[in-house]
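**Q** Dropping a prediction and its sequence here:
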Amino acid sequence: MPATPLLFVGLGPIGRSTLAYALQRKGLRVVGACDAAPELVDKRLSELVAGGPKQVRVAPTLERVRELPKGTVAIVCTSSHLKQAGPLLRELVERGLHVVSSCEELVFPFHRSARMAKELDSAAKRRKVALLGTGVNPGFVLDLLPALLTGACLDVSAVRARRIVDASLRRGPLQRKIGAGRSLAQFDLDAKSGALGHVGLPESAQLLCTALRFGKPVIEEHLKPVVALRAIETPFVRVEPGQVAGIDHRLVAKAPRGRVELHLQMFLGAEEPRDEIELDGEPALKLRLDGGTPGDVATVAALLNAAPGMAACAPGLRTVLDGPFPLCRALA
């Protein structure tokens, strides 16, 4: 089977890490890269990642990307929000490229961003390509994994999923995104403006309610800060006692035929990181992953494992539950 050609769009921490791991897989071939950051433009990939192809330079725009092989999959790691990422995704699709993106709102955009979802779906079907949003959260722990767990149940009335993450082990942009180091007053201001918090809980809940046929849910969200009790320092931020260490984000989705509860605690120094899933049903099931799913590595894995299967997807805007499922194949 020929290697899947990849175009990387967005070379921040996740994009660059995904590129590095892609170079280790024989079934993947890096053929292009694009990022508008001035410090990256025109650099050879070999200057950014060990083993990167010397002949591939970072283009500032898609127009500057050299001609790509048929069947190229674009790996897009830019914005979490579809409002910002949408035009870029549409341009890639219009160029006849399959797309796999870490954009959180793309995991299930059919409610919050219904208009953009319809435009992307129509464009992808017209160009006979597939478009997918994936990652660890959303995209796996709080939606795909509990949905698959229901396959062992005769009936399910409620899904509860909880994720506790020690953010001190995560990348700098994420630590800043959860408000680490801010005062409580600044946290409140930034949270109200939408500048803080986790993106994707509503998408996970909508995906679950749709997949399990619970019906249209009414969603309530609550976001509050986790306050540091001691000084915490990471390579990216220092937090003093009384400052914000991260977030406690809860969501309840009440639907006519079921209920979904999602709880994300992501803060510096969190003890006993873990992922937990509980199903009320016949039978009732519980799943616990001690240590939790490593967010950054798992996101990279989700992107790379999905890429080879994009050509087999039905054209259009797909979800992680549409299949083929992104399994990890042996590297040899």
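**A** Yep, it's here. All values reported here derive from a predicted model rather than from experimental measurement. Numbering: from 1, shown residues only.

**Q** May I ask you to confirm that V30 is in contact with Q55?
**A** No: assessed by C-beta atoms under 8 Å, V30 is found out of contact with Q55, at 10.2 Å. Just so you know, the C-beta spots here come from the backbone N, C-alpha and C atoms, and that holds for glycine as well.

**Q** which residues are in contact with both of these two?
**A** Common neighbours of V30 and Q55 are not found (criterion: C-beta atoms under 8 Å, 6 or more residues apart in numbering).

**Q** Looking at these two, which is more packed in?
**A** V30 (20 against 10; other C-beta atoms under 10 Å).

**Q** what's across from the more buried one in the sheet?
**A** Beta bridges link V30 to L6 when assigned by DSSP bridges.

**Q** Might you report the residue contacts of T210?
**A** T210 sits next to F108, F110 when contact means C-beta under 8 Å, 6+ apart.

**Q** Kindly report the same for P69.
**A** P5, V31.

**Q** what ranges of the stretch 201-332 of the chain fall below the confidence cut-off?
**A** 330-332 (pLDDT under 70).

**Q** L19 touches V31, doesn't it?
**A** No: here L19 lies out of contact with V31, judged by C-beta under 8 Å, at a distance of 11.7 Å.

**Q** what's the residue closest to the geometric middle of the protein?
**A** G135 (3.3 Å; C-alpha atoms, centre = their mean).

**Q** these two touch, right, that one and T299?
**A** Yes: counting by C-beta under 8 Å, G135 does reach T299; the two are 4.6 Å apart.

**Q** any residues in contact with both of the two?
**A** Common neighbours of G135 and T299 (C-beta under 8 Å, 6+ apart) are S102.

**Q** Now for P5, how many residues are close by?
**A** Other residues close to P5 by other C-beta under 10 Å number 19.

**Q** My guess is it contacts A22. True?
**A** No: in terms of C-beta under 8 Å, P5 does not count as a neighbour of A22; the distance is 10.6 Å.

**Q** what sits in contact with each of those two?
**A** V30.

**Q** Now do the same contact list for the nearest residue to G258 once chain neighbours are set aside.
**A** Residue nearest to G258 in three dimensions, not counting chain neighbours: F214, with 3.4 Å by C-beta to C-beta, 6 or more residues apart in numbering. By C-beta under 8 Å, 6+ apart, the contact set of F214 is L208, A255, P256, R257, G258, R259, V260.

**Q** Could you give the average pLDDT over stretch 52-68?
**A** Averaged across stretch 52-68, pLDDT comes to 95.

**Q** quick one: F8 and I75 touch, right?
**A** Yes: counting by C-beta under 8 Å, F8 does reach I75; the two are 5.2 Å apart.

**Q** list the residues that contact both of these two?
**A** Between them, F8 and I75 share the contacting residues G15, T18, L19, A22, judged by C-beta under 8 Å, 6+ apart.

**Q** what about the first one, how many neighbours?
**A** Other residues near G15 come to 22 when the count uses other C-beta under 10 Å.

**Q** Stretch 321-332: which residues count as buried?
**A** Using 16 or more other C-beta atoms under 10 Å as the test for burial, stretch 321-332 gives P326.

**Q** before we move on, what about stretch 59-72?
**A** Neighbour-count burial for stretch 59-72, counted by 16+ other C-beta under 10 Å, picks out A59, L62, V65, L68, T72.

**Q** could I get that stretch in PDB with only the CA atoms?
**A** Output of stretch 59-72 as PDB, limited to C-alpha atoms (Å, rounded to 0.1, in the frame of the first residue of the first chain):
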ATOM      1  CA  ALA A  59       5.100  28.200   2.900                       C
ATOM      2  CA  PRO A  60       3.400  31.300   4.400                       C
ATOM      3  CA  THR A  61       0.100  30.600   2.500                       C
ATOM      4  CA  LEU A  62      -1.600  27.700   0.800                       C
ATOM      5  CA  GLU A  63      -1.100  29.500  -2.500                       C
ATOM      6  CA  ARG A  64       2.700  29.100  -2.000                       C
ATOM      7  CA  VAL A  65       2.500  25.400  -1.300                       C
ATOM      8  CA  ARG A  66       3.900  23.400  -4.200                       C
ATOM      9  CA  GLU A  67       1.700  21.000  -6.100                       C
ATOM     10  CA  LEU A  68       0.600  18.100  -4.000                       C
ATOM     11  CA  PRO A  69       0.100  14.400  -4.800                       C
ATOM     12  CA  LYS A  70      -3.400  13.100  -5.300                       C
ATOM     13  CA  GLY A  71      -4.900  11.800  -2.100                       C
ATOM     14  CA  THR A  72      -3.000  14.200   0.200                       C
END
